[in-house]
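K.L.:
Predicted structure and sequence below. I'll ask about it afterward.
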Amino acid sequence: MKKYLKRQWEQFKKQSLLGKIFDIVILVILIGLAFPPTRKPVASLLIRTTLMAPGKDDNSIQLTNEDYQFELLDLNGGNHSFAEFKGKPVFLNQWATWCPPCVAELPTIQKLYDDYGSKVAFIIASREAPATVKQFIKKNGYTFPVYIVHSRVPEIFQSRSIPASYIISPDDKLILRKKGAADWNSSRVRKMFDDMIH
């Protein structure tokens, strides 16, 4: 083992400055991923640096009244029906505080909400305990509306993985369905919203 480490050290010393920096960065990332207290922040940072804009679905799906039948609780305990948002542009995102891809995309959702929050209904929905979600939202300074799913979600919005996001037009068409993290503050998503509200 001692010979191996000595040989690795000699190879490291022969590398260019850029090679050394790259090796050190990779080592720091691996160490960060190895320890549970730093695993989620490091993973979220890595995911955030590779987020891409979601593509637009070519086939929109007409939603039915049944697709709007599920209940939500806001973080103050107020009851809401998803049907309250029928007829409005809607951004629905299902996420969790323990999910690195979910956490990675939240800053892009916040930026989108900052510009479209008064024109688009944002439903950022979790299935976790309200206290856990409330603490996470407060700690990170997010201002978008967050809800707790309080009933069975209709099949069209069910997903085996999170994050799962949906954009619904005012005429009740599901125009985008995305599973996995994305850059929601992209020009593509902004154009979708602009087309719906103008």
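P.N.:
All right, it came through fine. Predicted model only: the values in this text are computed from it and were never measured.

K.L.:
Could you look up the SS state of the residue nearest to H80 when sequence neighbours are not counted?
P.N.:
Distances taken as C-beta to C-beta, 6 or more residues apart in numbering place L72 nearest to H80, at 4.5 Å, with adjacent residues excluded. Quick note: C-beta positions are derived from backbone N, CA and C, even for glycine. Under DSSP: H, G, I helix; E, B strand; the rest coil, the three-state class of L72 is strand.

K.L.:
Quick check: the gap between L72 and T97.
P.N.:
Note on L72: its distance to T97, by C-beta to C-beta, to the nearest Å, is 17 Å.

K.L.:
more crowded one of these two?
P.N.:
L72 (21 against 18; other C-beta atoms under 10 Å).

K.L.:
pLDDT below threshold where in this protein?
P.N.:
5, 12, 19, 22, 25-30, 32-33, 42-53, 55-58 (pLDDT under 70).

K.L.:
what about the strands in it?
P.N.:
Remark: strands assigned in the chain by DSSP state E are 61-62, 71-74, 79-81, 90-95, 121-126, 146-149, 164-168, 173-179.

K.L.:
Just put those strands in CSV and tack on distance to K13.
P.N.:
Listed next are these as CSV, based on distance: least, C-beta to C-beta, whole Å:
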stretch, distance to K13
strand 61-62, 60
strand 71-74, 58
strand 79-81, 62
strand 90-95, 45
strand 121-126, 49
strand 146-149, 51
strand 164-168, 48
strand 173-179, 46
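
K.L.:
coming back round to it: shouldn't the residue nearest to H80 be in contact with S126?
P.N.:
No: L72 is beyond contact range of S126, at 10.1 Å (criterion: C-beta atoms under 8 Å).

K.L.:
Show me whatever sits in contact with both of the two.
P.N.:
Y147, I148, V149 (C-beta atoms under 8 Å, 6 or more residues apart in numbering).
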